[in-house]
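Q: Below is the sequence, then the predicted model.
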Amino acid sequence: MSKPVAYLEGKFVPLEDAKISIMTHAFLYGTACFEGIRAYWNEDDKQLYVFRLLEHFQRMKNSTKITRIFLNQSAEELSEITLELLRKSDFRGNDVYIRPVAYKSGLGIGVKLTGIENNFCCFATAYGKYIDTSKGLNVAVSSWAHVEDNCIPMRAKVNGAYINAAYAKSEAVDNGYDEAIFMNRDGHVSEGSAENFFMVRGGKLITPSVSSHILEGITRATLMQLAKDEMGIDCVERVVDRSELYICEEAFICGTGAELAPIVSVDRVPVGDGKVGPIAKKLQSLYYDVVRGKDKKYMKWCTPVF
């Protein structure tokens, strides 16, 4: 692997030299939005595939519109910048995590979104598992309520909003759990600390609707399509109550970082028989093949780097 590079303010630079001022507006106020993107190494093809690259940057462009961080580049141009970054860093043989950020780069004090310079940066790093999912997760319902869309827009991945996620995740880990499940202020299940939530009841796959103050997850959409196309299971999007967490047959969380992480207990109450369920196990296997470019039916989602 070559020495990694970053893209900062219009040019590629060594990652170690990619620095911003401590007066940067985004650093002072969290006025930035980001994406988390994964690329997977396929040893048989000797190729690194970026999963749903364009969809991530299309979502980022939506985020920038909401946060008024206006970028000159299109989603397609941002995708090309990312591919060039990966080539220059030459991550052959490694799975990779990619972090593009659109941010308010102006210097100075003042809480606002208008009249401040905008910019874009991106870096990538070799990356393995975000969570150990081999035995399933023990999760807890967080005492922290999830932020609401009319408070911090949930259709945007706003950097500053993730203090909410950090509180929930830290509380869960400090209390001996692996992850947290957020409730919204209406008392309904929202999502994990940084993942979407699914459960199985009566053999039906169920996930909170987008009106439950959730991120419109790309992994979420992927799993819904795989469940339908490969397993014949339609996903129901609806309000999910807390009590359902304790009586569902299966549950799992998902996201670019977490991938698909089965849940085996909620608040120390076993989910189903306390083991990873068959639907989660099958979907997880399908997902791993798809993201690594092993299922040729879904190669449209995999962008080769080399």
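A: That came through, no problem. Residues are numbered from 1 along each chain as shown.

Q: residues near Glu148, how many?
A: The local packing of Glu148 (other Cβ atoms under 10 Å) involves 14 other residues. Quick note: C-beta positions are derived from backbone N, CA and C, even for glycine.

Q: no no, Glu80
A: Neighbour number of Glu80 under other Cβ under 10 Å is 13.

Q: what does Gly272 give?
A: Count around Gly272 with other Cβ under 10 Å applied: 18.

Q: beta partners of Val158?
A: Cys33 (DSSP bridges).

Q: Gly106 versus that one, what's the distance?
A: Remark: distance between Val158 and Gly106 (Cβ to Cβ, to the nearest Å) = 17 Å.

Q: Check His25 too.
A: In terms of Cβ to Cβ, His25 sits 5 Å off from Gly106.

Q: Settle it for me: which of the two has more neighbours?
A: More crowded of His25 and Gly106, by other Cβ under 10 Å: His25, with 24 against 17.

Q: OK, contacts around the more buried one?
A: Contacts of His25 were listed using Cβ atoms under 8 Å, 6 or more residues apart in numbering, and they are 31, 103-108, 110, 116.

Q: repeat that for 6 Å
A: 31, 104, 106, 116 (Cβ atoms under 6 Å, 6 or more residues apart in numbering).

Q: re the thing from before, which residues do His25 and Gly106 both contact?
A: In contact with both His25 and Gly106: Ile116, using Cβ under 6 Å, 6+ apart.

Q: What average pLDDT does the helix or strand containing Val173 get?
A: Assigned by DSSP states H and E, Val173 belongs to helix 162-174. Averaged over helix 162-174, pLDDT sits at 98.

Q: And for stretch 67-82?
A: Rounded mean pLDDT across stretch 67-82 is 97.

Q: for that stretch, which positions count as buried?
A: For stretch 67-82, the neighbour count (16 or more other Cβ atoms under 10 Å) marks 67, 69, 71, 75, 78-79, 81-82 as buried.

Q: now do the same end-to-end measure for it.
A: 22 Å (Cα to Cα, to the nearest Å).

Q: And for stretch 123-141?
A: 33 Å.

Q: Please name the bridge partners of Leu48.
A: Applying DSSP bridges, one finds that Leu48 bridges with Trp41.

Q: Touching, it and Arg38? I think so.
A: No: with contact defined as Cβ atoms under 6 Å, Leu48 does not count as touching Arg38 (10.4 Å).

Q: Contact partners for Tyr298?
A: Val290.

Q: any idea how far it is from Ile69?
A: 31 Å.

Q: Gly203 now?
A: The gap separating Gly203 from Ile69 is 43 Å, by Cβ to Cβ.

Q: re earlier: elements contacting the helix holding Val173?
A: Packing contacts for helix 162-174, counted by 3 or more Cβ pairs under 6 Å, 6 or more residues apart in numbering; DSSP states H and E, involve strand 137-145, strand 179-183.

Q: So which of the ones you listed is the most surrounded?
A: strand 179-183 (a mean of 24; mean count of other Cβ atoms under 10 Å).

Q: quick one: the helices in the stretch 101-250 of the chain?
A: 162-174, 218-231 (DSSP state H, counting those that start in this stretch).

Q: List the backbone torsions phi and psi for Leu286.
A: With angles defined as degrees, to the nearest 10, Leu286 sits at phi -60, psi -50.

Q: Nearest spatial neighbour of it, chain-adjacent residues omitted?
A: Distances taken as Cβ to Cβ, 6 or more residues apart in numbering put Leu226 closest to Leu286, at 5.0 Å, once the chain neighbours are dropped.

Q: Looking at the helices of the stretch 101-250 of the chain, which is nearest to Met154?
A: helix 162-174 (10.7 Å; Cβ to Cβ).

Q: For that closest one, output the C-alpha coordinates as CSV.
A: Written as CSV, here are the backbone C-alpha positions of helix 162-174 (Å, rounded to 0.1, in the frame of the first residue of the first chain):
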residue,chain,number,x,y,z
TYR,A,162,-23.5,13.0,16.2
ILE,A,163,-23.0,14.2,19.8
ASN,A,164,-26.5,12.7,20.3
ALA,A,165,-25.2,9.4,19.0
ALA,A,166,-22.0,9.6,21.1
TYR,A,167,-24.0,10.1,24.3
ALA,A,168,-26.2,7.0,23.5
LYS,A,169,-23.4,4.8,22.5
SER,A,170,-21.2,5.8,25.4
GLU,A,171,-24.0,5.2,27.9
ALA,A,172,-24.6,1.8,26.5
VAL,A,173,-21.0,0.7,26.5
ASP,A,174,-20.4,2.1,30.0
